[in-house]
Each structure stands twice: as C-alpha cells, then as structure tokens.
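Peer 1: missing the sequence, but the structure's below:
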C-alpha cells in the first residue's frame, strides 16, 4: 500500500488501478506488476521470493454503496390541525425494516432481526432502590494515630454484626478477647461510639505489642498484621502473651 500510495501521489499509477478497498487495490497491483515483484522499501524480513512466494490475493466482490434518503415526515390532521410526526425511537427499534443488507453481500444467518428477541442490557439500579439498601456505617479517621487499618477492618465487622446479629452472637462474640471487646462496645446498651470502640481496640493492641501496632501519627498499622491478630482464637492469643 505504501508503494501504491507513492505512485498515486506522483501520478505514476495506471488508471485501471482504481479499486475502492485495500484488498482489491493490492490485487490490481499484483496483476499489474506480477506476484514476484517486491517493492523497494519492503523490509528484508518481509521480502518474498520464489522459495517463499507472495501469492495472488483472492478476488472479492465489493459491496455497492447506496446513500439512504432522509425519511419523510408523516403528516396527519387532527381536528383540523396539521400535526407533523416523527418516528419514535421505540417504533424504529421494533421495526425490522431498519436492517438492510448491503448489495453484493449475504445476510448473516441469525434467528431474528427483531431487537425484542435479543438479550437486553442490564438496567441501572434506580436511585430509589439503591437508597433503600443498608450501607455499612463508616468510622471517622483519626490522624493522630493513623487508624486506617482499624477503620477498614472494623467497618466490615460492624456491618456483619448489624446485619447478622444472631450469627455474630453465635460465632464471633466470644471468639477471643478482641471480639468480646467489640461485642460489648457495639451492644444496644453501650453508650460508646464506633470511634470509641476502635480507639479501645487500638489502645489494647498498642500496649501489648507497640512494635506491630504503633500508635503514632507517622507510622500506621499493617492491615494484614491486624487481621491476623484479631482472627486468632482464645488459646493462641493466650499463648502469645
């Protein structure tokens, strides 16, 4: 195509090489120059020869182009008034006449051209429906002690405790001392806020292992280390003291 474009620019391309697609242009060029002809600027790794020939590309029937005329407006009279109608998007979508096969080509074998038979895209959840869904209550970040890790983990655990109170009471409330602290702080009788419960948990861990759970505005707690510590059962927690 680079050679054909160059010849065309310098008006050296014969008039009979005038196809409207690249495939047909290359075929016309091969017929004109011969399949053994290699343009000068073809890279050495791409050059062909008798032992590794470039075959004549297959001939293809080009589709004819036809400009569609703008649809005429429908005019109807209602009680003496002239009303101009335009086809709605819904009526156009339901019409099978909008699918036109290009001349010289074959239509694809599909079950139906009816848009109604095709799977519809997922509809976006309405604001009303999404607003009715319960959302986890987040915590206010504390810059003085960099509570990022605690905020992330406790937001998830508090959401479980609120949404599945029976499961929480059965499986988590007495799992270890950390979950006992959380359960007491999140109980209905507790006057503590979520931030108070978080600060109690951070203080408890920071006093036991200040290196792993620092309380500093410069160094935060590693989330993985926090999850590992909080998920330890009673016996292992006791043995690590």
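Peer 2: Yep, it's here. Since the structure is predicted, the reported quantities are computational estimates derived from the model, not experimental observations.

Peer 1: Who are the contact partners of the closest residue to residue 179 other than its chain neighbours?
Peer 2: Among residues not flanking residue 179 along the chain, residue 172 sits closest, at 5.1 Å (C-beta to C-beta, 6 or more residues apart in numbering). Just so you know, the C-beta spots here come from the backbone N, C-alpha and C atoms, and that holds for glycine as well. The contact partners of residue 172, taken as C-beta atoms under 8 Å, 6 or more residues apart in numbering, are 157, 160, 161, 179, 183.

Peer 1: now, among the residues you listed, which is nearest to residue 198?
Peer 2: For the contacts of residue 172, the minimum distance to residue 198 (C-beta to C-beta) is 10.5 Å, reached by residue 157.

Peer 1: Can you pull the poorly scored residue ranges out of the protein?
Peer 2: Counting by pLDDT under 70, the ranges of the chain that qualify are 63, 65, 70-136, 234-241.

Peer 1: Now with 80, please.
Peer 2: 60-137, 233-241 (pLDDT under 80).

Peer 1: quick one: the strands in it?
Peer 2: 74-78, 81-85 (DSSP state E).

Peer 1: circling back to that earlier point, filter the contacts of residue 172 down to just the ones in helices.
Peer 2: Members of the contacts of residue 172 lying in helices (criterion: DSSP state H): 157, 160, 161, 179, 183.

Peer 1: Count the neighbours of the third one for me.
Peer 2: Under the neighbour criterion other C-beta atoms under 10 Å, residue 161 is assigned a count of 20.

Peer 1: So it is in contact with residue 187, correct?
Peer 2: No - with contact defined as C-beta atoms under 8 Å, residue 161 does not reach residue 187; the gap is 9.5 Å.
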